[in-house]
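Participant: here is my input; please provide its structure:
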Amino acid sequence: MQRLIVRDFMAVNQAELEVANTLLLIGEQASGKSTLAKLIYFFKSLRDEYVALLVDSDGPDLHLQRAFWALIGKKFYRIFGSIQKLAKFDIKYYFSEQKYIHLCQGEFPDGRKKLVITISGNDWYYELTQGEGKRLLQQLHRYSEKRFDFESAAYRRTLRDVASFTFRSFVDDTQTLVFHPAGRNATVAFNDFFEQAFSQSLAVSIGTSDSYGEDEFSSPIPTSSATKLDKDIYLMYQFMRHVANIKTVFRGNDFESLIGDKIAREFNGSNSRGNPALPLLIAKVNQILKGTYDHSNYEKIKFDGGEVSLTDASSGQQEVIRILQDIFLVVLNKEKGCRIIEEPEAHLFPTAQKLLLEMIALMINSTNSQIVLTTHSPYILSVINILLFTHQVKGKDDQLWLEPDQCRVYALTSDGHCHSVLDTETKLIDQNVLDSVSLELANHFNRLYQMFLET
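Facilitator: Here you go, the predicted structure:
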């Protein structure tokens, strides 16, 4: 199981956690849970960045070692900004027990801070930058100029070899990685024209913030002092690119019609209903949305007696719709994905939070996907507990459960420390965590009531 160890980075003072198939991070605001989620996204995204480095390189003579180090530095900058104002930190991500990437802060002779990168294991590092990685880079360019003629099969075969090599190297066979940032309603709050203009503006902002030099790192990476807006822009831009693909799939369709199209393609119009999880997902989508989603002409939610444009829908409907669509497409396409979702409970009533967590459990169990959630909702914890306990009940069905051995739940305290809140014996979330806020409120009420009686 992959692991993340963090010391003194931003709001996180000390954290060590296992990146399980289901990972839940709970804590107050500014406790560091978003920082940990972004670190997981950062390290897991290096696999795809490495593939792009090989495929999009200018030629077979690329200095792969220097380019890969620069790639890591640039990605780190885009997500977390300049390190010049940060205190010394230490971050280590284990892809396996033998393979890890270590990041810490060093200094140039003149006192400027730099990002120090260490890649463990001579064998792994050699394979990535000189051995198999270099061979695949050269092979790609040998076939790239002939990719459209009779040798195109060789080029496609090499692309498959690149994917296989990187999946194996980074010990990660998930097909897609998506970070769902807070503020997802930005993808539905405007019409397509303004959304496209906003997306282009984000792209320009990202481009203009990427100045290069010898600051912070021994290879050329961005040096300007990124603000929080710059960092949030990058993650939102990546998310909006993913949403654009989702909207393309749904344009002219609804959830039901996409299932019908899938069955028609895969079963040649037979009576098969395909994946039994899909109808259950749709039922939960409709319950959460309080209607049915439709994208004929424009995005709307239909209900008895009328309809409402998605741009005029409630904040909860706007915030959750992209999560619902994404989960559905992962299951529909039988895709093993990794989804990192900030505050899935945003603007949702507790019953809708329960339905959403059940959809996530369906996705995990039907596709072996991975999920990372950040939350400060006690309802989310309660639902996770129910799903964990359901696994222990005989006769469970509908895949509405979570495997305790593949689930980790960590609480982050206000002083930046992180600890597990799963009971090793019951394999459930510690009841004290669930009751702590309620107990505090009850004690407050009892004190007030006692004062009332004494007046």
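Participant: with just CA atoms, put stretch 24-37 into CSV.
Facilitator: The C-alpha coordinates for stretch 24-37 follow below in CSV (Å, rounded to 0.1, in the frame of the first residue of the first chain):
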residue,chain,number,x,y,z
LEU,A,24,-10.9,9.7,4.4
LEU,A,25,-9.3,12.9,5.9
ILE,A,26,-11.4,14.7,8.5
GLY,A,27,-10.6,17.8,10.4
GLU,A,28,-11.4,21.4,11.1
GLN,A,29,-10.8,24.2,8.6
ALA,A,30,-7.1,25.0,8.1
SER,A,31,-6.0,21.7,9.7
GLY,A,32,-4.2,20.5,6.6
LYS,A,33,-6.5,17.9,5.1
SER,A,34,-6.6,19.7,1.7
THR,A,35,-2.8,19.9,1.7
LEU,A,36,-2.5,16.2,2.2
ALA,A,37,-5.1,15.5,-0.5
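Participant: show me how far it is from its chain's centre.
Facilitator: With CA atoms, centre = their mean, to the nearest Å as the basis, stretch 24-37 stands 14 Å off its chain's centre.
Participant: now do that stretch: everything it contacts.
Facilitator: 4, 6, 9-13, 15, 17, 179, 182, 340, 342, 372-376, 380-381, 384, 407-414, 416, 418, 421, 433 (CB atoms under 8 Å, 6 or more residues apart in numbering). (Glycine included, C-beta is placed from N, CA and C.)
Participant: now do it, average pLDDT.
Facilitator: Mean pLDDT, stretch 24-37: 91.
Participant: tell me the helix or strand right after the helix or strand that contains residue 388.
Facilitator: Applying DSSP states H and E as the criterion places residue 388 in helix 378-390. Note on helix 378-390: by DSSP H and E, the next helix or strand toward the C-terminus is strand 407-412.
Participant: any residues touching that next one, and which ones?
Facilitator: 12, 15, 17-28, 31-33, 36, 381, 384, 388, 418-422, 429, 433.
Participant: redo that, cut-off 7 Å
Facilitator: 17-18, 20, 22-27, 31-33, 384, 388, 418-422, 429, 433 (CB atoms under 7 Å, 6 or more residues apart in numbering).
Participant: filter those residues down to the buried ones, ChimeraX style.
Facilitator: Buried residues within these, by 16 or more other CB atoms under 10 Å, are selected in ChimeraX with:
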select :17,20,22,23,24,25,26,27,31,32,33,384,388,418,421,422,429,433
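Participant: among the contacts of strand 407-412, which are in strands?
Facilitator: 17-18, 22-27, 418-420 (DSSP state E).
Participant: ok, those residues vs residue 118, which is closest?
Facilitator: Nearest to residue 118 among the ones in strands among the contacts of strand 407-412: residue 17, at 20.4 Å, using CB to CB.
Participant: for the ones in strands among the contacts of strand 407-412, which one is nearest residue 121?
Facilitator: Closest to residue 121, out of all of the ones in strands among the contacts of strand 407-412 and judged by CB to CB, is residue 18, at 20.2 Å.
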